[in-house]
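Asks: just a sequence and a predicted model for now, questions to come.
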Amino acid sequence: MPMRRPFLILLLALAAGPGFRLRAQAPSIPLALNDAIRAALEHNQNIKVEAYAPQIARANVLTALGQFDPALSFNREYSRNYGYPGVVQPLPTELVEDSTYSLALGGTIPTGLTYSLVGSAFTERGPYNNYTNDYASFGGINLTQPLLRGFGFGANLVNVRVAKANRAISKWDYRQTLINTVTNVIVGYSNLVLAHDELEIAQHSHDLAETLLVENREEFKTGNFARSEVTSARAQVAERDEAILLAENAVLTADNQLRQLMGETSFPPGRPLLTVAAPELPAVTVDPAKDLQVALAQRPDYQAARLGVTINRAQESAARNLLLPQVNLVASYGYNGLDNNFSASRRMVGDREYPASSIGVAISLPITNAVGRGTARAARLTREQAEEGLALLEAQIALNVANAGSQIDTAHQRVIADRAAYALASQTLDDETKKLRDGYSTTFAVVQAQQSLITVENSVAVATAAERQAVADYDQALGTTLGRYHIDLADK
C-alpha cells in the first residue's frame with residue numbers, strides 16, 4: 001500500500017478556499033488481533049451457549065451410571081379380609097389379618113445380574129390360630145442372571161458408552177465452536193482492516209481529483225485550459241466524494257460485525273471506532289502429504305463423526321442381543337425363622353438355624369420377535385450409514401485441505417501481481433499528468449489513469465485481505481487454529 005501524504009490534504013484545503021471541508025475523524029480505540037480474539041473467547045455469545053453442552057453431557061454420563069446404583073427399599077403392608085369358614089352355610093364371617101415387613105438392598109451390575117439382599121417378616125392372624133402372631137422371617141439374597149438376552153457388558157453398558165461418547169463429542173463440538181469463532185474474528189478483523197484501507201483509497205482518489213481540479217483552475221486562469229477542463233475535474237471531485245461516503249459506511253458495518261463477534265450486544269451511534277492494523281501473516285508451510293493426516297487428527301468434526309460411529313456400533317451390539325431368547329437363572333439363598341415372637345423369629349434367622357435355598361431357570365421365547373429383528377436391522381443399517389458418512393467426510397476433508405493449501409499460494413501470487421500492477425499504474429498516471437501539464441494530454445485521459453490506479457490499489461487491498469483469510473481458512477481446514485494462537489481448551 002503506498003504511503004499517504006498528509007501535507008497534500010492541507011495544500012488542497014488552502015488552494016480550494018473556504019468551500020473545502022475536511023472530514024472530521026471519529027475517536028478510535030486501538031485493537032490488536034490477539035486482543036480481539038481474547039475478547040471473543042470471553043464474551044462471544046455462541047461460545048457461551050456451546051459451553052453448556054460439555055457440562056450437560058457430563059451430567060448425562062452420571063445419569064447413565066446411575067442405573068447401577070443400589071437402592072434401599074422398605075415395605076410395610078397390612079390387610080384385613082373377611083370370609084366364610086369352611087363349613088355348611090350360613091355362618092357368620094370370620095376375620096383374617098396379614099402383616100408384612102421387609103427391608104431390601106438391591107440393584108443391577110453390568111453383567112445384567114440383579115440382586116436383592118432382603119430381610120422380611122410375615123404374620124397372619126385368624127380363627128385357625130386363635131388370632132395369635134406367628135412370625136415367618138427370612139434373611140438372604142435373591143439373584144436373577146440373564147444367560148442370553150440381557151447378558152454381558154454390551155447389552156447393559158450401552159447407555160453408559162453412548163453417554164461417554166456424547167461427552168467426548170460435546171468437547172469436540174465446543175472446540176469446533178472455538179475454532180469457528182476465532183476464524184470469524186480473524187476474518188472480521190481483516191475485513192475491518194480492508195474497509196479502512198478502502199476508505200483511505202477513496203480519500204486518496206478524492207485527493208487526486210482535488211489536485212487535478214486545482215491544477216486545471218490554475219491553467220484556466222492562465223488561458224492554457226478551456227473551462228470544460230475545470231468542469232470535468234469538478235465532476236470527478238463530486239463523484240469521488242460519494243465513494244468516501246460509501247467507504248465510511250462500510251467501515252461502520254465492518255466495525256459492528258467485529259464488535260458482535262467480540263460479544264457486544266448493542267451498537268449505539270457515535271461510539272468510538274476500532275483502530276486496527278494489518279496483522280503480520282503467520283509463517284505457513286503447506287505440506288500436502290502431512291496436512292491431511294493433521295486434519296484427520298485435529299479436526300473436531302471428523303473426531304465427532306468417528307465417535308458417532310462408535311455409538312452406532314455399541315447400539316448395534318445391544319440390538320443384536322435382543323435377537324436372543326430370554327433365559328434367566330434364578331437363585332435364592334438364606335435362612336428362615338418361625339415363632340410367635342418377632343424377636344425370636346429374627347434370632348433364628350441370625351443364628352442360621354433353618355437354611356433355605358432355591359435355583360431355577362425362567363425361559364421366555366417370543367413367537368416372531370419382530371421388535372428384536374427390526375431393532376437389530378435398523379441398528380446395523382444406521383451403523384453402515386454412519387461408516388459411509390465418515391468415509392464421505394474424509395474425502396471432503398481431503399478436498400478442503402488441498403484447496404486451502406493451494407489458495408495460500410494463489411493469494412500470495414495475487415498480491416505480488418497486483419502490487420506490480422500498482423507500480424505500473426502509478427507510473428502511467430505520473431506520465432499522463434506530465435503530458436497534461438505540457439499540453440499533450442487531456443483531463444479525460446488523466447481521469448482514466450487515476451481511475452485505473454485506484455482500481456489497482458483496491459485490488460492490492462482486496463488481495464492482501466484474501467491472503468490473510470486464506471491463512472485463516474487453512475488453519476480452520478486443518479483444525480490447527482487454536483494451536484496457532486496458543487489457545488488452551490483446558491482454560492475455557
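Replies: That came through fine.

Asks: pretty sure Y174 sits against A51.
Replies: Yes: counting by C-beta atoms under 8 Å, A51 is a contact partner of Y174 at 6.6 Å. All C-beta atoms are positioned from the backbone trio N, CA, C, and that covers glycine.

Asks: between these two, which one's more packed in?
Replies: Neighbour totals were compared for Y174 and A51, and Y174 leads with 20 against 13 (other C-beta atoms under 10 Å).

Asks: list phi and psi for that one.
Replies: Here is the backbone geometry of Y174 (degrees, to the nearest 10): phi -60, psi -40.

Asks: got the contact list for it?
Replies: Applying C-beta atoms under 8 Å, 6 or more residues apart in numbering to Y174 gives the contacts E50, A51, A53, P54, L489, K492.

Asks: please redo it, this time with the cut-off set to 10 Å
Replies: I47, E50, A51, Y52, A53, P54, A57, P300, L489, K492 (C-beta atoms under 10 Å, 6 or more residues apart in numbering).

Asks: for the record, mean pLDDT for the helix or strand encompassing R161?
Replies: Using DSSP states H and E, the element containing R161 is helix 158-221. For helix 158-221, the mean pLDDT works out to 93.

Asks: you'd agree A71 is up against T114?
Replies: No: with contact defined as C-beta atoms under 10 Å, A71 does not count as touching T114 (11.1 Å).

Asks: check which residues of stretch 327-344 are buried.
Replies: The neighbour-count check on stretch 327-344 (16 or more other C-beta atoms under 10 Å) flags V327, N328, S332, G334, Y335, N336, G337, L338, D339 as buried.

Asks: quick one: contacts for the closest residue in space to the second one that isn't next to it in sequence?
Replies: Once flanking residues are discounted, N328 sits nearest to A362: 4.6 Å by C-beta to C-beta, 6 or more residues apart in numbering. In this structure, A362 makes contact with T144, P146, Q326, V327, N328, L329, V330, judged by C-beta under 10 Å, 6+ apart.

Asks: for P366, same thing?
Replies: With contact set as C-beta under 10 Å, 6+ apart, P366 has these partners: R149, L322, L323, P325, Q326, G372, R373.

Asks: over to N369?
Replies: Counting by C-beta under 10 Å, 6+ apart, N369 makes contact with R149, L322, L323, L324, P325, T375, A376.

Asks: widest-spaced pair of the residues you listed?
Replies: By the measure C-beta to C-beta, P325 and T375 form the most distant pair in those, at 15.2 Å.

Asks: neighbour count for these two, which is higher?
Replies: Neighbours per residue (other C-beta under 10 Å) separate P325 from T375, with T375 holding more: 19 against 13.

Asks: how about the more buried one, nearest residue that isn't a chain neighbour?
Replies: A319 (4.7 Å).

Asks: number of residues surrounding the one you found?
Replies: Number of residues near A319 (other C-beta under 10 Å) recorded here: 23.

Asks: how's the protein carved up into domains?
Replies: The chain breaks down into these domains under automatic domain parsing: 6-17+44-60+160-310+383-491, 73-108+113-149+326-365.

Asks: between those domains, which one is nearest to A32?
Replies: domain 6-17+44-60+160-310+383-491 (7.6 Å).

Asks: how about the domains of the chain in CSV, adding distance to R38?
Replies: CSV is the format used below for the domains of the chain (distance: least, C-beta to C-beta, whole Å):
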stretch, distance to R38
domain 6-17+44-60+160-310+383-491, 9
domain 73-108+113-149+326-365, 49
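
Asks: out of those, the one nearest L31 is which?
Replies: Between L31 and the domains of the chain, the tightest spacing by C-beta to C-beta is seen for domain 6-17+44-60+160-310+383-491, at 4.7 Å.

Asks: ok, which of the domains of the chain comes nearest D35?
Replies: Across the domains of the chain, D35 has its closest neighbour in domain 6-17+44-60+160-310+383-491 (9.0 Å, C-beta to C-beta).

Asks: how distant is the closest one from the center of its chain?
Replies: Put simply, domain 6-17+44-60+160-310+383-491 sits 24 Å off its chain's centre (C-alpha atoms, centre = their mean, to the nearest Å).

Asks: then stretch 322-333?
Replies: From the chain centre to the centre of stretch 322-333 is a distance of 44 Å (C-alpha atoms, centre = their mean).

Asks: do the same with stretch 132-141
Replies: 60 Å.
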